[in-house]
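Enquirer: what would the 3D arrangement of this be:
(one chain, ligands or ions: 2)
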Amino acid sequence: ATPTAIMVASGVGASQGVLIKGGDAMEKAHKVKIVVFDKTGTLTIGKPEVVSAVLFSKFSREELCDMTIAVEANSEHPIAKAVVTHAKRLKQSCGSQSIEQIQDVKDFEVHVGSGVSGKVKAKTVLVGNKKLMNAFNVPISPMVEKYMSENEILARTCVLVSIEGNIAGAFCVTDPVKPEAKSVISFLHNMGISTIIVTGDNWATANAIANEVGISEVFAEIDPMGKADIVKDLQMKGMTVAMVGDGINDSPALAAADVGMAIGAGTDIAIEAADVVLVKSNLEDVVTAIDLSKNTISRIW
Ligand code: ADP
Ligand code: MG
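Expert: Ligands and ions are numbered 1, 2, ... in the order given. Presented below is the predicted three-dimensional model:
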């Protein structure tokens, strides 16, 4: 396409809330054969809420909540915010006098893609997924397994809390899919474009979300570099790849893709790594971006 055509398309895009950086993405977007979607915050709304909580050990509900809040209050992850809010509510409902009081944490650590840890009152507390528990050799009993799978099949993500090497409790969050997700996926399929989900979350939850939106190919439990590797593999198979994501953990994949599309409500790092910004955070604009490129190119030839 000529620079003028690209400028015109960029202007039209901007007026519709699709910001396109540079002409390169515009040149490639009409050739896209596959769209790789992140799950959390991209296909889903990204505002998780706790819908189930359970106590597994000798600790009291208040102790479990105190330990969990102490560690999660240091995390920026949307799941952490949901867990803290719920744990405070639980403390309130068991008559706690110290709802806003947060215990001190020592040795706080973020484990990217699996959770957080720290020491509270000299006890080691881990908050995160099964991968985190495995990494610290925390055994997961059949009872805990059962609770998790019952929730994961409902597209919920379970957060486990271990205190001193024992699972003390769990919180399950739900994060509904965006209302337009399903129709956008089916629209893409009708355009002859394939779709896949690539997520850091677990397989059961990822599969449940995939089912809900009509995506049949899923890669779960993938770390940030793994997301980029999947994009590169598809490119090596000769496909022009678009990646849609919102998180820091998506930025390597957004940069690797032929057309990286960041959700406007996403993190700055993702927006920086992308070629296209979907300002309205609406998935319909994935199609808008591809259409803009088609129109630009066809007007030239
Ligand atoms: P996604 O690719 O879905 O955006 P992330 O890579 O950010 O996910 O996280 C992967 C998984 O790690 C989450 O689904 C969650 O189980 C766990 N996790 C990460 N951070 C936290 C946290 N602060 N508290 C609890 N769980 C966490
Ligand atoms: Mg995300």
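Enquirer: for Glu145, what are phi and psi?
Expert: The phi and psi values for Glu145, taken as degrees, to the nearest 10, are phi -60, psi -40.
Enquirer: how many residues are close by it?
Expert: Counted with other C-beta atoms under 10 Å, the neighbours of Glu145 add up to 11. From N, CA and C alone the C-beta is placed, and that goes for glycine too.
Enquirer: distance check, it against Glu152.
Expert: Remark: distance between Glu145 and Glu152 (C-beta to C-beta, to the nearest Å) = 10 Å.
Enquirer: cool, Asp229 as well?
Expert: Here the criterion is C-beta to C-beta. By it, Asp229 lies 25 Å from Glu152.
Enquirer: looking at the two, which is more packed in?
Expert: Neighbour comparison, Asp229 and Glu152: the larger count goes to Glu152, with 20 against 17 (by other C-beta under 10 Å).
Enquirer: quick check: which element contains the closest residue to that one other than its chain neighbours?
Expert: The shortest distance from Glu152 to any non-neighbouring residue, by C-beta to C-beta, 6 or more residues apart in numbering, is to Ala204 (3.4 Å). Per DSSP states H and E, Ala204 falls inside helix 203-213.
Enquirer: so what touches the helix or strand following that helix?
Expert: Sequence order places strand 217-219 as the next helix or strand after helix 203-213, per DSSP H and E. With C-beta atoms under 8 Å, 6 or more residues apart in numbering as the contact definition, strand 217-219 has outside contacts at Ser194, Thr195, Ile196, Ile197, Val198, Thr199, Trp203, Ala206, Asn207, Ala210, Gly226, Ile230.
Enquirer: neighbour-wise, which one of those residues leads?
Expert: Thr199 (28 neighbours).
Enquirer: next up, the contacts around that residue.
Expert: Counting by C-beta under 8 Å, 6+ apart, Thr199 makes contact with Asp38, Lys39, Thr40, Ala206, Val218, Phe219, Ala220, Glu221, Ile222.
Enquirer: can you put those residues in a markdown table and add pLDDT and distance to Met261?
Expert: Listed next are the contacts of Thr199 as a markdown table, based on pLDDT from 0 to 100; distance: C-beta to C-beta, whole Å:
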| residue | pLDDT | distance to Met261 |
| --- | --- | --- |
| Asp38 | 97 | 10 |
| Lys39 | 96 | 15 |
| Thr40 | 93 | 16 |
| Ala206 | 96 | 20 |
| Val218 | 98 | 19 |
| Phe219 | 98 | 18 |
| Ala220 | 96 | 21 |
| Glu221 | 93 | 23 |
| Ile222 | 94 | 18 |
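Enquirer: near ligand 2, from those?
Expert: Asp38, Thr40 (C-beta under 5 Å from the ion).
Enquirer: quick one, which of the contacts of Thr199 are buried?
Expert: By neighbour count, with 16 or more other C-beta atoms under 10 Å, these hold Asp38, Lys39, Thr40, Ala206, Val218, Phe219, Ala220, Glu221, Ile222 as buried.
Enquirer: ok, which of these also contact ligand 1?
Expert: With C-beta under 6 Å from any ligand atom as the criterion, the buried ones among the contacts of Thr199 include Asp38, Lys39, Thr40 near ligand 1.
Enquirer: and of these, the nearest to Ala257?
Expert: Asp38 (11.4 Å; C-beta to C-beta).
Enquirer: need phi/psi at the closest one.
Expert: phi -70, psi 160.
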